[in-house]
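Novice: Pasting a predicted model and its sequence here:
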Amino acid sequence: MKKIQISPSILSADFSQLGNEIKRLEEGGADLIHVDVMDGHFVPNLTIGPPVIKSLKKKCSLKFDVHLMISPVHKYIEIFSNAGADIITIHPEATEDLDASISKIKELGKKAGVSLNPETEVDVIKNYLSQIDLVLIMSVNPGFGGQKFMPEVLDKIRELKNIQKRQNIDFDIEIDGGINFENSKIAIKAGANILVSGTTIFKSNNGDIKKNIDLLKSS
Ligand code: DX5
Ligand code: ZN
């Protein structure tokens, strides 16, 4: 059983204090920093880009788990790699050539992730699973924090676990969206080993980040 990792989403952080917020996450026991990049085109929201990632990297020794909800994405892969992304996760619908985009991320020495929206089936990426390091299962429709968890996506995690066993391949399974202290247990049981959380980590227990990360880790 893989160690459960917590990747807090800074989308729920105080954007006027981002440097201090990621320091709090690192001190609070986060394993990764989940950075939601949105372009207002692939998703109906607009967040941060490479310059912010570059400056935040100087404040934190954790790896940056960068979730690119942008399209077209291929031409931005190198830019985010140079900005300091350690894991670069893209959506299959955002590139004309998923194979080329995954290869580009790997050529740059970064971990390659592919993200499935709630309505996107595992079949879409089944031919790429041996090439990637991580599958990000969206349990909300991407674009905003604080949405309600969609339990139906757990079947995709179970399907991925079966494929891992059948094909003897390995990759991380990360779940993202509406994760709280209850559904985190079900997500881990289904086979997720990385939990993304924004609202639960930043807003629960009067914003006690360390307590909230510990509670998720002990799911
Ligand atoms: C949504 C983002 C998620 C989101 C998670 O598009 O990809 O990472 O910020 O936030 P919560 O945990 O609040 O659902
Ligand atoms: Zn995300």
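Specialist: Now that the structure is in, tell me what you want to look at. Ligands and ions are numbered 1, 2, ... in the order given.

Novice: Up against ligand 1, what does the protein have?
Specialist: Within the chain, the residues that sit near ligand 1 (Cβ under 6 Å from any ligand atom) are 9, 11-12, 34, 36, 67, 140, 142-143, 145-147, 176-179, 196-200. C-beta coordinates here come from the backbone N, C-alpha and C atoms, glycine included.

Novice: try 5 Å
Specialist: 9, 11, 36, 142, 145-146, 176-178, 196-199 (Cβ under 5 Å from any ligand atom).

Novice: I186 reaches D155, doesn't it?
Specialist: No. With contact defined as Cβ atoms under 8 Å, I186 does not count as touching D155 (11.7 Å).

Novice: If you count surrounding residues, which of those two has more?
Specialist: Using other Cβ atoms under 10 Å, the more surrounded residue of I186 and D155 is I186, with 15 against 12.

Novice: And that one, its phi and psi?
Specialist: I186 adopts backbone torsions of phi -70, psi -40, taken as degrees, to the nearest 10.

Novice: Which residue, other than its chain neighbours, is closest to it?
Specialist: Once flanking residues are discounted, I186 sits nearest to L154: 6.5 Å by Cβ to Cβ, 6 or more residues apart in numbering.

Novice: Give the burial count for that neighbour, as a bare number.
Specialist: Neighbour tally, L154, other Cβ under 10 Å: 20.

Novice: Can you list the neighbours in contact with the one helix or strand it maps to?
Specialist: L154 is part of helix 154-167 when elements are defined by DSSP states H and E. For helix 154-167, contacts defined as Cβ atoms under 8 Å, 6 or more residues apart in numbering pick out 116, 121-122, 126, 129-130, 135, 137, 139, 169-171, 173, 175, 186-187, 190-192.
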